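Enquirer: prediction below, plus the sequence it came from.
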Amino acid sequence: MKLISTLHLRSIFYVICLTIVTGKLVAGDMLWESGINLYIKLDNQEKGTAKPNNHPVELDAGTIDSSLRLLRIWDDKYYEEGNAERVFSINQTRLLGKHIAAGLKRARSNEDIVFAIVSMKKGGLGTSEPKYMGGRAFYVDDALNIIIGDYDKMRDKAMEAAVGGSGLTEIKYYIIAGKRGKASAFKKHMIEINGITNAKVNSKLRKDWFVLNLEKTKIVIRYEEETKRRSSKEYKQEKLFKDEAAKLAKERREMRLEMARLRKEMGAKKDNTEITIEERLNKLQALMDKELISKEEYDKRRTEILNEI
């Protein structure tokens, strides 16, 4: 009975909080929302933020999407190939890419984009369960900044069971967005990528704060796309055909050059041979005319010269 009473009180308290927090959520300039927990919206910079953002700014949604996919992290002390995970799922990068681009296009310099999103991740006993993430995005100093707040926040199943008894189908979670002034509990290591760094605040590395130079990440994206294309079966077959065609074309060129060389050489030999025989016959005739050789000797030598043809 005591347990039931406690759960009942918690559910009443949660209903009150739900009303308060839900009213606060609507106050922002909403870009996207789903249910009572998930949203992407414009919000004021945190109090005490000294530097204004470079907003409004026009960025390509596809570039933001692809750049966010480059964010990979790992937990262990030493990184081993294959144990990295993406910060955002593919569905999340598409969602954020679209709405961050749209939001920054109309945001003021004193506004950020804050978001609360969810993805299905591995749970216990091989099951999958929803895990929430909160974050903040803004553009300053020619770079897109992403600060992670809550990460892999799990459901409160006991609270859900308690509130479910009150007739509510969904409970409100308070999902923390990242903050400039205070690092979150996100401490995972980032895999270094050209164009993406962790921010430094007062000489301290902020693992929860990613700075993305989109001009540099475009180069990485093109390289990864080309690498993927080159590893495909279709590309390998296409390359094989092109290599064979190039080999045949080279052999034909070499054959044509060799034939041309031989024709030129044979023509030169023919010309030289004809000139030499003609000169020798004329010289032989001149010798006989001058009676320096006999008719018999002339005929013999003439036959020998003509036999060389």
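Expert: Looks like it came in fine. Residues are numbered from 1 along each chain as shown.
Enquirer: all strands for the stretch 151-300 of the chain, in order.
Expert: For the stretch 151-300 of the chain, the strands identified by DSSP state E, counting those that start in this stretch occupy 153-154, 189-190, 196-201, 204-212, in order along the chain.
Enquirer: neighbouring strands of the last one in the sheet, and parallel or not?
Expert: Think strand 204-212. Sheet partners assigned to strand 204-212 using DSSP bridges are listed as strand 143-148 (antiparallel), strand 196-201 (antiparallel).
Enquirer: any chance of those in CSV, plus mean pLDDT?
Expert: What follows is the strands paired with strand 204-212, written out as CSV (pLDDT from 0 to 100):
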stretch, mean pLDDT
strand 143-148, 98
strand 196-201, 96
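Enquirer: which of those sits most buried?
Expert: Among these, strand 143-148 has the highest mean neighbour count (mean count of other C-beta atoms under 10 Å), at a mean of 24. The C-beta positions use only the backbone N, C-alpha and C, and glycine is treated the same way.
Enquirer: and the residue nearest in space to the middle of the chain, what is it in contact with?
Expert: The C-alpha lying nearest the average C-alpha coordinate of the chain belongs to residue 221 (C-alpha atoms, centre = their mean; 2.3 Å). Residue 221 is in contact with 63, 66, 67, 70, counting by C-beta atoms under 8 Å, 6 or more residues apart in numbering.
Enquirer: what's across from the nearest residue to the last one once chain neighbours are set aside in the sheet?
Expert: Spelled out, that is residue 70. Here the nearest residue to residue 70 in space, its sequence neighbours aside, is residue 193; by C-beta to C-beta, 6 or more residues apart in numbering that works out to 5.1 Å. Residue 193 forms beta bridges with residue 196, as assigned by DSSP bridges.
Enquirer: so where's the stretch 51-200 of the chain shaky on pLDDT?
Expert: In the prediction, the stretch 51-200 of the chain carries residues with pLDDT under 70 at positions 76-82, 124, 164-169.
Enquirer: repeat that with 90
Expert: With pLDDT under 90 as the threshold, the stretch 51-200 of the chain has low-confidence stretches at 74-84, 121-128, 155-172, 192.
Enquirer: wait, isn't residue 86 in contact with residue 121?
Expert: No - assessed by C-beta atoms under 8 Å, residue 86 is found out of contact with residue 121, at 10.7 Å.
Enquirer: any idea how far the closest residue to residue 206 other than its chain neighbours is from residue 30?
Expert: With C-beta to C-beta, 6+ apart as the measure, residue 199 is the residue that lies nearest to residue 206, at 4.8 Å, once sequence neighbours are left out. Distance, residue 199 to residue 30, by C-beta to C-beta, to the nearest Å: 27 Å.
Enquirer: hmm, back to that, next up, the contacts around the residue nearest to residue 70.
Expert: With C-beta under 8 Å, 6+ apart as the criterion, the residues that contact residue 193 are 70, 71, 72, 217, 220.
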